[in-house]
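Colleague: fold the stuff below for me.
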Amino acid sequence: MAENPAGNGAQAADQMPSLNALAQYAKDISFENPNAPRSLTPQEGGPQISIQVNVNAKQLAETDFEVDLSLEGNAKIGDEVMFAFDLTYSGVFRVRNIPQDQLHPVIMIECPRLLFPFARQIVAEAVRNGGFPPLYIDPIDFVGLYRQKMEAEAAQNQAGAPQASNQPVN
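Modeller: Below you'll find the predicted structure:
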């Protein structure tokens, strides 16, 4: 039976990749019911619901990052807005022992994935408190959202890059 020095297990745990949520909070929330009470009466046909999702992050310290999950949406029947909401739900995360090439995806995919259930519940309750049935947003594919954002940034960088020239350089 092999013996390990007493501190070896603790040292190995310090080298393990970790992601910890230090804080979560509603940074900004808005709910509008601009046509109440008319919008609260039953109407024929269901509303058209539109939702936009955005993720942003900033580094606070060597291992700490603030991640903002923004959900913005509305429900309309025709051109009439029944309700509109805007939520920025944020968290501070501590990330340790993640390889540098994997850090950005962890921050932009895993952190918002952890925030989403709480943001979803806040939106559902705000809509319900506005007099409507709760709006439960479908799960979000944060991997797909991340890929989409990276492709858009790559295309923008490519479009903005100086064009190669066949002119000789002196």
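Colleague: what pLDDT does Q167 get?
Modeller: On the pLDDT scale, Q167 is placed at 35.
Colleague: likewise G46?
Modeller: 82.
Colleague: gap between it and F65?
Modeller: Noted for G46: a distance of 39 Å to F65, by C-beta to C-beta, to the nearest Å. C-beta: built from backbone N, CA, C; applies to glycine.
Colleague: who has more neighbours out of those two?
Modeller: A count of neighbours by other C-beta atoms under 10 Å puts F65 above the other of G46 and F65, at 21 against 8.
Colleague: mind checking what secondary structure the more buried one has?
Modeller: strand (DSSP: H, G, I helix; E, B strand; the rest coil).
Colleague: try V55
Modeller: For V55, the assignment made with three-state DSSP gives strand.
Colleague: can you tell me how far the nearest residue to it once chain neighbours are set aside is from R120?
Modeller: Nearest residue to V55 in three dimensions, chain neighbours excluded: P112, at 4.7 Å (C-beta to C-beta, 6 or more residues apart in numbering). From P112 over to R120 the distance is 12 Å, taken as C-beta to C-beta.
Colleague: between these two, which one's more packed in?
Modeller: P112 (25 against 21).
Colleague: which strand or helix spans that one?
Modeller: helix 111-129 (DSSP states H and E).
Colleague: what's the angle between the helix or strand just after that helix and helix 111-129?
Modeller: As assigned by DSSP H and E, the chain's next helix or strand after helix 111-129 is helix 142-160. Using axes from the mean of the first three to the mean of the last three C-alpha atoms, to 10 degrees, the inter-axis angle of helix 142-160 relative to helix 111-129 is 110 degrees.
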